[in-house]
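In: Need the 3D shape of this:
(chains A and B)
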Protein chains: 2
Amino acid sequence: MKNIKKKDLLEIKALTFDVFGTVVDWRGSIIREGEAFGAARGLDVDWAEFADKWRGGYGPSMNRVRQGELPWLNIDALHRMILDELLDGFKIAGLSEMEKDHLNRVWHRLLPWPEAVSGLQRLRERFIVAPLSNGNIALLTNMAKHAGLPWDCILSSELAKHYKPDPEVYQTAADLLGLPPSQVMMVAAHPGDLLASASVGFKTGFVPRPEEYGPHRNRDLEHDAAFDVVASDFNDLASQLGA
Amino acid sequence: MKNIKKKDLLEIKALTFDVFGTVVDWRGSIIREGEAFGAARGLDVDWAEFADKWRGGYGPSMNRVRQGELPWLNIDALHRMILDELLDGFKIAGLSEMEKDHLNRVWHRLLPWPEAVSGLQRLRERFIVAPLSNGNIALLTNMAKHAGLPWDCILSSELAKHYKPDPEVYQTAADLLGLPPSQVMMVAAHPGDLLASASVGFKTGFVPRPEEYGPHRNRDLEHDAAFDVVASDFNDLASQLGA
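Out: Numbers count the residues shown, from 1 in each chain, chains lettered A, B, ... in the order given. The predicted model follows:
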């Protein structure tokens, strides 16, 4: 912790976390489940490509809601729209509605990065810790139960009926926590999320996850100077914040 | 568990709990803190009367919001309005803004009934457990951290911008949990809360807390037949629900 920042950081009461990619390894989790799902059904699918395309459809589908082309839909509904297109594209036919729903809920069963739970446990001793994700409340609650994520409460873009990085999401979260934005730190692996939270007054903690999109991708370092804290993982974040 | 009910109860996925009086002993907690607060300042106050009047102001203040006389206010704000009147009425003068705010937040520090935490731990193994209280998210989150209440997520009337027993509160909670109301059981010490939840389709679990309003009050038994389960405490509830 740089001394010049220290006074500012001392006022932090709560940490809000991006989830997909920052807390959990969506890509690895979907590949792992997909491979088991496919093997049981004799499907020949490149599940890494499947995972990437599923995630890739997420931004465009949120934009369709933002632009009024679709009504408000939670992420379960958006994931399902994309999944139905992918099943066609990958020529996966004959799944029952129950199987499709189960596959769609793989996002409720994503697994955390190896140190995420122990880091959150440490941070929780000193701060309120909550997800602040585009994932809906049910998804985040089921994920926490499945993965053992020790959140103090579950916050979601669903509560603002806006998706990140719209500023309403961060402001609503601070309001629900009963805190001024300056007492909340957004923690994310994604600079855009952090910069949007900072525009509302949040502190920012950058935790790059260089393997989010698979091996052999380079970590984006250019934004480091813009953030209050840059940490290598959640335990490093805890150490830097005195937790 | 009566056999005739068993099939219905097996579909339950989540339990939502009333908090003030059902999970925590608001009256005993306020008396305890009030006495310490008063002793440190040489105040001569009947804190049992103070607690009862504070709680007594709560229904009428919610009605002022329902009737449009006041804008939407969370419970911290309603508690504070009532507190300011009580301080006048009890002739408690000279408190700083910080002291008043600390006193108002006694509602964030209420202590659970003796078996509440162990009962919730058992129930949590089988069900999603969440408060569904008129307390705001910040209040319930701080209370959970202070008292060690092991919620899976925090639900509040604040998320519906309606107070219980308005039906919007229960419907919003079921929607956020991603469950049909029939898969959710409301647990409360107050028949009115349970009957309102049942009107939306919730299952109901009645856990009377005969000491909520102090000793020497009789338990209200007349409504027992209206509920899916009647339990003597949260551990009994867990046993009856197979958790």
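In: going forward, measure contacts between C-alpha atoms and count neighbours the same way
Out: Noted.
In: Now do the buried residues in the host helix or strand of A:Glu99.
Out: Taking DSSP states H and E as the criterion, A:Glu99 maps to helix A:97-104. Buried residues in helix A:97-104, defined by neighbour count with 16 or more other C-alpha atoms under 10 Å in any protein chain shown: A:Leu103, A:Asn104.
In: CA atoms only: put it into PDB for me.
Out: In PDB, the C-alpha atoms belonging to helix A:97-104 read as follows (Å, rounded to 0.1, in the frame of the first residue of the first chain):
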ATOM      1  CA  GLU A  97     -36.100 -29.000 -21.500                       C
ATOM      2  CA  MET A  98     -34.800 -30.300 -18.200                       C
ATOM      3  CA  GLU A  99     -31.400 -30.900 -19.800                       C
ATOM      4  CA  LYS A 100     -31.200 -27.500 -21.400                       C
ATOM      5  CA  ASP A 101     -32.200 -25.900 -18.100                       C
ATOM      6  CA  HIS A 102     -29.500 -27.900 -16.200                       C
ATOM      7  CA  LEU A 103     -26.900 -26.900 -18.800                       C
ATOM      8  CA  ASN A 104     -27.900 -23.200 -18.600                       C
END
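In: quick one: that helix near chain B?
Out: No: under the criterion of C-alpha under 8 Å from any C-alpha of the partner chain, chain B is not reached by helix A:97-104; the shortest gap measures 12.8 Å.
In: Not counting that helix itself, show me its contacts.
Out: For helix A:97-104, contacts defined as C-alpha atoms under 8 Å, 6 or more residues apart in numbering or on different chains pick out A:Asp76, A:His79, A:Arg80, A:Leu83.
In: from the residues you listed, which is closest to chain B?
Out: Distance to chain B across those (C-alpha to the nearest C-alpha) is lowest for A:Asp76, with 9.4 Å.
In: Quick one: classify A:Tyr213 as helix, strand or coil.
Out: coil (DSSP: H, G, I helix; E, B strand; the rest coil).
In: Which residue is the nearest non-sequential neighbour of it?
Out: Leaving out its chain neighbours, the residue that sits closest to A:Tyr213 by C-alpha to C-alpha, 6 or more residues apart in numbering or on different chains is A:Arg27, at 6.8 Å.
In: What count of nearby residues applies to the one you found?
Out: 24 (other C-alpha atoms under 10 Å in any protein chain shown).
In: on that earlier part again, in CSV, list the contacts of helix A:97-104 along with secondary structure, pLDDT and neighbour count.
Out: Formatted as CSV, these follow (DSSP: H, G, I helix; E, B strand; the rest coil; pLDDT from 0 to 100; neighbours: other C-alpha atoms under 10 Å in any protein chain shown):
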residue, secondary structure, pLDDT, neighbour count
A:Asp76, helix, 96, 18
A:His79, helix, 97, 20
A:Arg80, helix, 98, 17
A:Leu83, helix, 98, 21
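In: what's the farthest-apart pair in those residues?
Out: Maximum pairwise distance in those, criterion C-alpha to C-alpha, is 10.3 Å, between A:Asp76 and A:Leu83.
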